[in-house]
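A.B. asks: how does the following fold in three dimensions:
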Amino acid sequence: MKKIARIFYVFAAVLMLNACASAPKDVVLARSDDFSSRPKWANEEKTFTIEKGTVYMLGTHEMPVAGKRISTGYRIAENNAKAGLSGAIEQRLNFIFQNAEEGDGMGADQTRFIGGETSKLTASSIRPANRYWEKVAVVVDADGTQDVIYRIFVRVSMPEADFKKAVQEAIKRNSGKKGISEDFAKKVEAHWDQMSE
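C.D. replies: Okay, here's the model as predicted:
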């Protein structure tokens, strides 16, 4: 009886692995500018980077192909990148506050405020840097039904010096409020390299 049970379990495991391996996957049908693969900068895992004196933020958008214009998707992805900048700033400032041992008096509201203020201050310096789209057949249910969508990527950039100045200005505007000490700008300077990690 044990032998039959083992055979059954092995057979069931093989069937499950086979089903997973043959499950339909998303298929890229076309790419902008006849690229053979997605550009390295269009990495959804690393949306915020600082490279060689320039700050980059990636924005993405997905939309159905039918009746849609790529230009609309680019505009939405660019807006998503700009909006994502304040979130990236909040996340990194939280990390710096914790390392600077200011975390006890600093809450999410303060970092959100500084992130939002920095976004306002950087708006005039942000420029589109890269644009890319993929037309993809995506699986929408377990039966393998597919829809065709555009996946759109836009990376915006700005000089690191402008970004740094905006972060410091936002902190200075909020100094003395809600538990932020006046010397925190110095601590941000000391931990600046961690902003790009």
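
A.B. asks: in the top helix by length along the chain, what's buried?
C.D. replies: Counting residues, the longest helix found in the chain (DSSP state H) is helix 70-99. Neighbour-count burial for helix 70-99 flags 73-74, 76-78, 80-82, 84-90, 92-97 (criterion: 16 or more other C-beta atoms under 10 Å). Yep, even glycine has a C-beta here, placed from its N, CA and C like the rest.

A.B. asks: cool, stretch 135-146 as well?
C.D. replies: Buried residues in stretch 135-146, counting neighbours by 16+ other C-beta under 10 Å, are found at Lys135, Val136, Ala137.

A.B. asks: next: stretch 123-135.
C.D. replies: Residues of stretch 123-135 classed as buried: Ser125, Ile126, Ala129, Arg131, Tyr132, Trp133, Glu134, Lys135 (neighbour count, 16+ other C-beta under 10 Å).

A.B. asks: what's next to it, contact-wise?
C.D. replies: Stretch 123-135 is contacted from outside by 28-33, 35, 38-39, 41-42, 56, 65, 70, 73-74, 77-78, 82, 85, 148-159, 162-163, 166, using C-beta atoms under 8 Å, 6 or more residues apart in numbering.

A.B. asks: what mean pLDDT does that stretch get?
C.D. replies: For stretch 123-135, mean pLDDT rounds to 90.

A.B. asks: now do stretch 167-182
C.D. replies: If you average the pLDDT over stretch 167-182, you get 64.

A.B. asks: narrow the buried residues of stretch 135-146 to those in strands?
C.D. replies: Those of the buried residues of stretch 135-146 mapping onto strands are Lys135, Val136, Ala137, per DSSP state E.

A.B. asks: between these, which sits nearest Lys46?
C.D. replies: For those, the minimum distance to Lys46 (C-beta to C-beta) is 20.7 Å, reached by Val136.

A.B. asks: residues in contact with the closest one?
C.D. replies: Val136 makes contact with Asp26, Val27, Val28, Leu29, Val148, Ile149, Tyr150, Arg151, according to C-beta under 8 Å, 6+ apart.

A.B. asks: mind listing what the fifth one touches?
C.D. replies: Looking back up the chat, that one is Val148. Val148 neighbours (C-beta under 8 Å, 6+ apart): Leu29, Pro64, Val65, Ala66, Lys135, Val136, Ala137, Val138.

A.B. asks: nearest to Gly116 among those?
C.D. replies: Among the contacts of Val148, and counting by C-beta to C-beta, the member closest to Gly116 is Pro64, at 31.7 Å.

A.B. asks: do you have the helices of the protein handy? List them.
C.D. replies: Under DSSP H, the chain gives helices at 2-21, 70-99, 108-122, 160-173, 184-190.

A.B. asks: worst-scoring helix or strand of the chain, pLDDT-wise?
C.D. replies: helix 2-21 (a mean of 50; mean pLDDT, DSSP states H and E).
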